[in-house]
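Peer 1: Give me a 3D structure for the following:
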Amino acid sequence: MEVIQTGIKDLILLQPKVFKDPRGYFFESYNREKFQALGMDIEFTQDNQSLSSKGILRGLHFQKPPHAQGKLVRVIKGAVLDVAVDIRKDSPTYGQHFLAELTESNFTMMYVPVGFAHGFLTLSDDTIFSYKCTDTYHPESEGGLPWNDTDLNIQWGIDDPIMSEKDKIFKPFKDFVSPF
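Peer 2: You can find the predicted model right below:
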């Protein structure tokens, strides 16, 4: 598995080795021993999967300590623009974001560590998005940032995505007090 540095400490892209033949393909999306060999001793406790139409924006979400989550994310079917924002107060890249296109054909995965807000925009219909989490979901610990915050300046490439009501009411980044 190839590790690709993003320029933001601890946020990485992973490119698995994909074995293709006339029958289709095979790859390991997660292997604990291989992750440990990469210096990533991570224990996942929950797997999530979502199905979305084109133009759905989910995020930017995080869970506060003590239930903060790291996430290993990938696309099973379709394509997304995946975004992670560094919200670690003492990080030199605090408030910076990274974007990557994850698709069913490029097999690219992103590891989003604790201390990041995460979201994605679906680029095709019937997109199936999968994420492994390092802690289980706790509603009382959830938080988020506005997808279109001018201080974050994320170039999503869409003006009016389809979103949940909850995702439309996060406080601006300038008023955000990070729990990390």
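
Peer 1: Do you have the helices of this protein handy? List them.
Peer 2: In chain order, the chain shows helices spanning 32-37, with DSSP state H as the criterion.

Peer 1: Centre-most residue in it?
Peer 2: His118 (4.6 Å; Cα atoms, centre = their mean).

Peer 1: Assess the claim that it and Val73 are in contact.
Peer 2: Yes: here His118 lies in contact with Val73, judged by Cβ atoms under 8 Å, at a distance of 7.3 Å. (C-beta placed from N, C-alpha, C; glycine too.)

Peer 1: which neighbours do the two share?
Peer 2: Both His118 and Val73 are contacted by Asp82, Val112, under the criterion Cβ atoms under 8 Å, 6 or more residues apart in numbering.

Peer 1: Tyr94: what's it in contact with?
Peer 2: Shown here is Tyr94, whose contacts under the criterion Cβ under 8 Å, 6+ apart are Asp86, Ile87, Arg88, Ser178.

Peer 1: ok, the closest residue to Gly70 other than its chain neighbours - how many residues close by?
Peer 2: Leaving out its chain neighbours, the residue that sits closest to Gly70 by Cβ to Cβ, 6 or more residues apart in numbering is Thr134, at 4.1 Å. Using other Cβ atoms under 10 Å, Thr134 has 18 other residues around it.

Peer 1: how much space between Met40 and Asp90?
Peer 2: Using Cβ to Cβ, to the nearest Å, we find Met40 at a distance of 21 Å from Asp90.
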